[in-house]
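Trainee: requesting a structural model of the entry that follows:
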Amino acid sequence: MADRAAVFIDGAYLTKILDVDFGKPKIDLAGFSDILCGNYERLRTYYYNCMPYQSCPPTEDERRRFAAMDKFVYTLRKLPRFEVKLGRLGCVGGEFIQKRVDIALAVDLVRLSCGRMIGKAVIVTGDSDFLPAIEAAKEAGVLVTLYYSQSSIHDELLSAVDESAVIGQNLIVQVTR
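Mentor: Residues are numbered from 1 along each chain as shown. Down below sits the predicted model:
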């Protein structure tokens, strides 16, 4: 549908920029998504992330972080037109990295675009891994808009999308709870 948009949020990226650029505000993600869609009807917002690491047995700090994320995910899943997709944390060289998150976002972007379910895709990320999926969406006739932080963005990503906008203080103030 040409008049519908889907919002694809890289949760780790959004959390990072909210923490680093804006001092960790709590934002209304439904309102945020609706603003990003502009004049398009929001079909759905897709939020991608991983649950925090827990050792066996977990430390008190790990339990606390896991419980906070679990509560956040539960709240998101109750929002209308929201879909939460969780990947897994993998350990590579002693460092934890997200697995299956980027590919889940890319698959959903291509599926909705090629299925003609959306006319606009709004992506909140700074990751250039999404370039092939963005190209596929554009080839399917979808307008691709990127929202990003100036402190964390790949130039290739900016060049690949149809439109882009910086997530600025004015937008964050509008959606802060």
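
Trainee: which of the helices and strands in the chain ranks last by mean pLDDT?
Mentor: strand 95-99 (a mean of 80; mean pLDDT, DSSP states H and E).

Trainee: how far does that strand sit from the chain's center?
Mentor: Centroid separation for strand 95-99 versus its chain: 17 Å, with CA atoms, centre = their mean, to the nearest Å.

Trainee: how about the helices of this protein, start to end?
Mentor: For the chain, applying DSSP state H gives helices covering 11-22, 29-37, 60-78, 101-114, 131-139, 155-160, 169-175.

Trainee: show me what contacts residue 37?
Mentor: Taking CB atoms under 8 Å, 6 or more residues apart in numbering, we find residue 37 in contact with 5, 7, 120, 122. C-beta: built from backbone N, CA, C; applies to glycine.

Trainee: neighbouring strands - and their directions - for the least confident helix or strand of the chain?
Mentor: Strand pairing for strand 95-99, determined by DSSP bridges: strand 82-92 (antiparallel).

Trainee: pLDDT on the partner strand, on average?
Mentor: The pLDDT scores in strand 82-92 average 87.

Trainee: same check on stretch 41-53?
Mentor: pLDDT averaged over stretch 41-53 gives 95.

Trainee: contacting residues around stretch 13-31?
Mentor: Outside stretch 13-31, the residues that touch it by CB under 8 Å, 6+ apart are 9, 45, 47, 49, 76, 79-82, 124-127, 149, 151-152, 167, 169, 172, 174-177.

Trainee: any quick PyMOL command for the buried ones out of the residues you listed?
Mentor: One line in PyMOL is enough to select the buried members of the contacts of stretch 13-31, burial here meaning 16 or more other CB atoms under 10 Å:
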select buried, resi 9+45+47+49+76+82+124+125+126+127+149+167+172+175
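
Trainee: considering the contacts of residue 37, which possesses the most neighbours?
Mentor: residue 7 (29 neighbours; other CB atoms under 10 Å).

Trainee: contacting residues around that residue?
Mentor: Here residue 7 is in contact with 33, 36-37, 42, 44-46, 122-124 (CB under 8 Å, 6+ apart).

Trainee: now do 10 Å
Mentor: 29-30, 32-37, 40, 42-47, 81-82, 118, 120-124, 145, 147 (CB atoms under 10 Å, 6 or more residues apart in numbering).

Trainee: and what of residue 153?
Mentor: Shown in contact with residue 153 (CB under 10 Å, 6+ apart): 13, 17, 125-128, 146, 164, 166.

Trainee: tell me the buried residues in the least confident helix or strand of the chain?
Mentor: residue 98.

Trainee: alpha carbons of it, as PDB, please.
Mentor: Only the C-alpha atoms of strand 95-99 are listed here, as PDB (Å, rounded to 0.1, in the frame of the first residue of the first chain):
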ATOM      1  CA  GLU A  95      33.200  -9.800  23.600                       C
ATOM      2  CA  PHE A  96      29.400 -10.000  23.400                       C
ATOM      3  CA  ILE A  97      27.800  -9.200  20.000                       C
ATOM      4  CA  GLN A  98      24.200  -9.300  18.800                       C
ATOM      5  CA  LYS A  99      23.300 -12.200  16.500                       C
END
